[in-house]
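1. Sequence first, predicted model second:
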Amino acid sequence: MNYEDYKQLISQRMGERRYIHSVNVAKQAKLLAEKFGCDADKAVVAGILHDVTKETPPEEQLALMNNGGIVLNEVERCGTKLWHSVSGAVYVRDVLKIDDEDIFNAIRYHTTGRAGMSLLEKVIFVADFTGEERDYRDVDIMREKALRDLDEAMLYGLQFTIKDLASRSMAIHPNAIACYNELILEGR
C-alpha cells in the first residue's frame, strides 16, 4: 500500500474531522522528519495511520490487543482513551502487515511517550500536537518549539498533558512520567 491507499483506508474508518487531523499529522510528520533527519517516508506512514483505530468500538480494540499479545497495565485498562494508540499499532502490524518496529512504536507511544524514544517516535508525538487543525491555547508556542528542538517540544507537550490530567484528577501513564523525567534529566 502507498500513502493514497492509507488515506483511502482511514477515510473509511473515521469521520471527517479525524481524517483531516490524520492527514495534517502526516504532513507535519514529514516536515519534522525532514528537518531533524528522520526517515520521511516512515514518518508519513506513521502519521497518517496513528489514529487508525481511534473510532473503532472498544470491544474491537480489546480483541485486537488481546489477539496481538498485548497486556494492558492498570492505567491503560482504566484509560480507554489510551487504547487507540496500542490497538492502532497492533492493527498496523497485524492487519496491514507493516513489519516495522519503529512505525509500530511511533503509533503505540504517540499519546503517552516513553523513555528511550526513537527519533521517529518523537516526530509522531510532536506532529500529533502540532497538526495544522490544532487550535488549543499555546499551540503556536508548541509549533515554534517543534521547529526548534524536538525534545523541547516534547517536554512542553508532556507538561501540558500532565498538568491537564492532574487538574482533572486523572491517572497519568507511567510512560509519560518516565519520558518527562528522562527529558528533564538529560537537559541538565
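-> Right, received. Where do you want to start?
2. Grab the longest helix from this structure for me.
-> helix 16-36 (DSSP state H).
3. Need the residues that contact the very next helix or strand once past it.
-> Once helix 16-36 ends, the next helix or strand along the chain (criterion: DSSP states H and E) is helix 40-49. The contact list for helix 40-49, computed with Cβ atoms under 8 Å, 6 or more residues apart in numbering, reads 3, 6-7, 10, 22-23, 25-30, 32-34, 88, 92, 96, 98, 100, 102-103, 106-107, 110, 120, 123-124, 127. Quick note: C-beta positions are derived from backbone N, CA and C, even for glycine.
4. what about burial for the residues you listed, which qualify?
-> 6-7, 10, 22-23, 25-30, 32-33, 88, 92, 96, 98, 102-103, 106-107, 110, 120, 123-124, 127 (16 or more other Cβ atoms under 10 Å).
5. for stretch 30-46, the distance to its chain's centre please.
-> From the chain centre to the centre of stretch 30-46 is a distance of 14 Å (Cα atoms, centre = their mean, to the nearest Å).
6. in the chain, what secondary structure element scores lowest on mean pLDDT?
-> In the chain, the helix or strand scored least confidently by mean pLDDT, DSSP states H and E is helix 74-78, which has a mean of 91.
7. moving C-terminal of it, what's the next helix or strand?
-> Using DSSP H and E, the helix or strand that directly follows helix 74-78 along the chain is helix 83-90.
8. helices or strands next to that next one in the packing?
-> Contacts defined by 3 or more Cβ pairs under 8 Å, 6 or more residues apart in numbering; DSSP states H and E place helix 83-90 against helix 58-67, helix 101-108.
9. Quick check: mean pLDDT of it?
-> Across helix 83-90, pLDDT averages out at 97.
10. So which residues lie in contact with that helix, not counting its own?
-> In contact with helix 83-90 (Cβ under 8 Å, 6+ apart) are residues 49-54, 56, 58, 60-62, 64-65, 67-68, 70, 72, 76, 104-105, 107-112.
11. Dump that helix to PDB, restricted to CA.
-> Output of helix 83-90 as PDB, limited to C-alpha atoms (Å, rounded to 0.1, in the frame of the first residue of the first chain):
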ATOM      1  CA  TRP A  83      -6.400   2.200  23.800                       C
ATOM      2  CA  HIS A  84      -6.300   3.600  20.200                       C
ATOM      3  CA  SER A  85      -2.600   4.000  20.300                       C
ATOM      4  CA  VAL A  86      -2.000   0.400  21.300                       C
ATOM      5  CA  SER A  87      -4.800  -1.100  19.200                       C
ATOM      6  CA  GLY A  88      -3.700   1.100  16.300                       C
ATOM      7  CA  ALA A  89      -0.100  -0.200  16.500                       C
ATOM      8  CA  VAL A  90      -1.400  -3.800  16.500                       C
END
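12. got the angle between it and helix 101-108?
-> With axes from the mean of the first three to the mean of the last three Cα atoms, to 10 degrees defining the directions, helix 83-90 sits at 160 degrees from helix 101-108.
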